[in-house]
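Novice: Have a look at this prediction, sequence included:
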Amino acid sequence: MSSPSEATAYTSLDDQAVAVIRGIAMDGPEAAMSGHPGTAMALAPLAHVLFSRVMNHDPSDPSWPDRDRFILSCGHASILLYSMLYLCGYGLTLDDLRSFREWGSRTPGHPEAGLTPGVEVTTGPLGQGIANAVGMALAERWLRSRFGSDIVDHRTFGICSDGDLMEGISHEAASLAGHLRLGRLVLVYDDNHITIDGPTELALDDDPVGRFEAYGWHVERAGEIANDMVAIEAALRRALEVEDRPSLVVLRSHIGWPSPHKTDTSAAHGDPLGAEEIKATKAILGLPVDQPFYSPDEVRDLYTRLMARGQEMRMAWEKRLAASRIDREAWDLAMSSRPVPGWADGLPAFEAGNQIATRRALNDCIRATASGIPGLLAGSADLTGNTGVALADHDDQSASNPGGTQVHYGIREHAMGAMMNGMALHGGVLPVGGTFFVFSDYMRPAVRLAALSGAHVVYSWTHDSIGLGQDGPTHQPVEHLAALRAMPGLRVIRPADANECAEAWRLAVELPGPTALVLSRQALPVLEETAAARRSGAAGVAAGGYVLREPSGSSPAVVLVGTGSEVQLCLEAARELDAGGIPARVVSLPSFELFAEQDPLYRQSVLPANVPTLAVEAASSFGWERYADDMLGIDHFGASAPGAEVMAHFGFSAGAVAERARRLLALGPPGAPRGQSARPGS
């Protein structure tokens, strides 16, 4: 709430506020009979200093763009954050605190963005919040370089734990933050030496502080000051003065303090303290022992007075914004994650008969439309040219060029995924990140959190099947489509060719939430059928699935449905079947999720239940039973050989598809309704 050089005074009322926070930290888990009180108790002074003296924020407008961001990477200590949001006036009530971890509450076990006002990101899996914070710091610096420090002038604060720093993602994110010299990032490391299993020394004897110094961070070993608010603030303000690199303040705390029997024990980490221990601790703190969730008027009034300063800062910022000469359209569109109206008019139309990998088609689309997407920030985990995310005439993002639009994450897929979440939830940035599809496994925890929080991010996952060839089964994704389709809230699109890819890119930019574009390494023919669909304005990819080809002169006897590189095989097989007197329809189904959103009558019109349906996809058959009676897939790992040979060896050819369709027809009409069982394709 003040400049880095300002000092503040603390009184007995501040001490009382800290005691109240500690009381709530005990009472919430006790009421829920579940939770993590110890860390919240130990860090109550730190939270009070951050929220009341150091951070610039306005609880009356939690979405103020120039607010400081706070991330609780150790999300299990969520009761600490909820206590501060309640006391500072973010709209939480005592009833919300009383319903901690209960059904329908706004105070879940780990913070969730979009559910609780004041929660910036969804944290829980340890280490993710650190990478989120790095992404937010990068977003702030990038926006400041574009729109100026009068409009963008805030910092990112975070609290992390021993567990956060043990997780590998912290290494990746901290390394990149140091390399980029993100000077407005301040993390506080709660060095409490306790995990659920016991002392951290059971599994840890390295020097995480030295590691951060090696990464190029400003590090201050603040020592035993966890209960000294003046010293905490002084350490934070010293970190604020460091503009050329990120900062880590190491705070030695004592979990569960001042519990007489559970301080510095794993019992204070993951379990409520128990009624008797809470009474004893409250007596030490001078709190009423028989009043759960004690919150006296004088403490709430203290926060009300302090928060008024944040409101004044926000109103002054609004005046600066109104008087500024920045490109307001670009600002407003970036902050709302929207493109310029008419941006999609620049999408290329690909001519039938050409051969182009969908990863290359995506790159053509991005380059053709980048100027119409004000928040676009593209990057890759060391595979920029391979994954189709290279920008034309771009500047690399770096410490010396903070306005660069091309991010080089290095070989850090874990950090890239979580940083993209931080950028998107910060606002002002539409992050696009690329790597090989098989390495979506490395990104999966962050992808899951993107889906859970609705972060608007775009993944370019390429080399999407056994068709990538000689890199072999270690790099050939087989189970990944099924696994990612199983993830709620993630839109997965596997386009059949360049024209479907263009439509997929449009949807990824315009629709909210995360979108995964699953793209081919190998060149694919641009299909006349998709070109015709784009020319006619048909629903196409936006519908998730659509009829690409009808047999001439008769109703279909069989439906061939495919995605990605296998759609061309379905079209060739359909022509072979037609020539043999078997009328065949071809359906392209690039997105299960978009198709599921359509009206049941539309889905039935595309995939009639009374017509035998064969699915063709060079991936696991798992999940296709909802749409097909039989499936030509690959339920084993691939092999190292040229891609075309691998595909042919495992049965992915037009002739094999046609033969599989004939065998399906020989079994007779479809049996059980789809979604209950699939018919065998023996």
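Specialist: It's in. Keep in mind it's a predicted model, so treat the numbers as computed, not measured.
Novice: what's the following helix or strand after the strand or helix carrying residue 163?
Specialist: Per DSSP states H and E: residue 163 is located in helix 162-166. Using DSSP H and E, the helix or strand that follows helix 162-166 towards the C-terminus is helix 168-180.
Novice: secondary structure element for the spatially most central residue of the chain?
Specialist: Centroid-nearest residue in the chain: residue 450, 2.7 Å away (criterion: C-alpha atoms, centre = their mean). Taking DSSP H and E as the criterion, residue 450 maps to helix 440-453.
Novice: Quick one: mean pLDDT for the helix or strand following that helix?
Specialist: Going down the chain from helix 440-453, the next helix or strand is strand 458-462, by DSSP H and E. Mean pLDDT, strand 458-462: 98.
Novice: can you give me how far strand 458-462 is from the chain middle?
Specialist: Counting by C-alpha atoms, centre = their mean, to the nearest Å, strand 458-462 is centred 13 Å from the centre of its parent chain.
Novice: could I have it exported to CSV, CA atoms only?
Specialist: Only the C-alpha atoms of strand 458-462 are listed here, as CSV (Å, rounded to 0.1, in the frame of the first residue of the first chain):
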residue,chain,number,x,y,z
VAL,A,458,-3.7,-22.3,-26.4
TYR,A,459,-1.5,-25.4,-26.7
SER,A,460,0.2,-26.3,-29.9
TRP,A,461,0.9,-30.0,-29.5
THR,A,462,2.6,-31.5,-32.6
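Novice: In its sheet, which strands sit next to that strand, and in what direction?
Specialist: Strand 458-462 has its sheet partners listed here by DSSP bridges as strand 430-436 (parallel), strand 515-518 (parallel).
Novice: Next one: the residue nearest to the centre of the chain from residue 132, what distance?
Specialist: Residue 450 sits 11 Å away from residue 132, going by C-beta to C-beta, to the nearest Å. Placement of C-beta: from N, CA and C, glycine included.
Novice: what's the overlap in contacts for the two?
Specialist: residue 421 (C-beta atoms under 8 Å, 6 or more residues apart in numbering).
Novice: about what we covered before: does the residue nearest to the centre of the chain touch residue 491 like I think?
Specialist: No: counting by C-beta atoms under 8 Å, residue 450 stays clear of residue 491, with 10.8 Å between them.
Novice: Who are the packing partners of the helix holding residue 450?
Specialist: Here helix 440-453 touches helix 128-147, helix 413-426, strand 458-462, helix 480-485, going by 3 or more C-beta pairs under 8 Å, 6 or more residues apart in numbering; DSSP states H and E.
Novice: Repeat the analysis, applying 7 Å as the threshold.
Specialist: Packing partners of helix 440-453 (3 or more C-beta pairs under 7 Å, 6 or more residues apart in numbering; DSSP states H and E): helix 128-147, helix 413-426.
Novice: That one versus helix 413-426: what angle between them?
Specialist: In terms of direction (axes from the mean of the first three to the mean of the last three C-alpha atoms, to 10 degrees), helix 440-453 departs from helix 413-426 by 20 degrees.
Novice: hang on, the earlier thing: check what pLDDT the residue nearest to the centre of the chain gets.
Specialist: At residue 450, pLDDT is 98.
Novice: contacting residues around the residue nearest to it when sequence neighbours are not counted?
Specialist: Nearest residue to residue 450, sequence neighbours excluded (C-beta to C-beta, 6 or more residues apart in numbering): residue 514, at 4.2 Å. By C-beta atoms under 7 Å, 6 or more residues apart in numbering, the contact set of residue 514 is 447, 450-451, 455, 457, 490-491.
Novice: okay but residue 42 is in contact with residue 258, surely?
Specialist: No: the pair residue 42 / residue 258 is not scored as a contact, 9.5 Å apart, by C-beta atoms under 7 Å.
Novice: Settle it for me: which of these two has more neighbours?
Specialist: residue 42 (30 against 16; other C-beta atoms under 10 Å).
Novice: now that one: how far from residue 161?
Specialist: According to C-beta to C-beta, residue 42 stands 11 Å off from residue 161.
Novice: With residue 105 instead?
Specialist: Counting by C-beta to C-beta, the gap from residue 105 to residue 161 is 24 Å.
Novice: again with residue 271
Specialist: Residue 271 is 17 Å from residue 161, by C-beta to C-beta.
Novice: and what of residue 550?
Specialist: Distance, residue 550 to residue 161, using C-beta to C-beta: 60 Å.
Novice: Comparing the two, which shows the higher neighbour count?
Specialist: Taking neighbours as other C-beta under 10 Å, residue 550 and residue 161 compare with residue 161 leading, 30 against 14.
Novice: my guess is that one meets residue 74, correct?
Specialist: Yes: assessed by C-beta under 7 Å, residue 161 is found in contact with residue 74 at 3.8 Å.
Novice: so residue 156 makes contact with residue 185?
Specialist: Yes: the pair residue 156 and residue 185 qualifies as a contact (C-beta under 7 Å) at a distance of 5.1 Å.
Novice: got any residues that touch both of the two?
Specialist: Listed as contacting both residue 156 and residue 185 by C-beta under 7 Å, 6+ apart are 133, 137.
Novice: mind listing what the residue nearest to residue 310 when sequence neighbours are not counted touches?
Specialist: Closest residue to residue 310 apart from its sequence neighbours, by C-beta to C-beta, 6+ apart: residue 58 at 4.0 Å. Under the criterion of C-beta under 7 Å, 6+ apart, the neighbours of residue 58 are 64, 67, 310-311, 313-314.
Novice: Those residues: which two are farthest apart?
Specialist: Maximum pairwise distance among the contacts of residue 58 (C-beta to C-beta): 11.3 Å, between 67 and 311.
Novice: thinking again about what came up before, so which of the strands paired with strand 458-462 is the most surrounded?
Specialist: strand 515-518 (a mean of 29; mean count of other C-beta atoms under 10 Å).
Novice: and the helix or strand just after that one, which strands flank it?
Specialist: Downstream of strand 515-518, the first helix or strand assigned by DSSP H and E is strand 524-525. With DSSP bridges as the test, strand 524-525 is paired with strand 355-356 (antiparallel).
Novice: So which residues make contact with the partner strand?
Specialist: Counting by C-beta under 7 Å, 6+ apart, 350, 498, 523-526 sit against strand 355-356.
Novice: quick one: that strand to chain centroid distance?
Specialist: Here strand 355-356 is found 31 Å from its chain centre; the criterion is C-alpha atoms, centre = their mean.
Novice: I'd like the average pLDDT over that strand.
Specialist: Average pLDDT, strand 355-356: 98.
Novice: so where's the protein shaky on pLDDT?
Specialist: 1-8, 671-682 (pLDDT under 70).
Novice: Where do the domain boundaries of it fall?
Specialist: Using automatic domain parsing, the domain parsing of the chain gives 12-316, 343-525, 542-666.
Novice: would JSON lines of those domains with distance to residue 329 be doable?
Specialist: Output for these, formatted as JSON lines (distance: least, C-beta to C-beta, whole Å):
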{"stretch": "domain 12-316", "distance to residue 329": "12"}
{"stretch": "domain 343-525", "distance to residue 329": "8"}
{"stretch": "domain 542-666", "distance to residue 329": "26"}
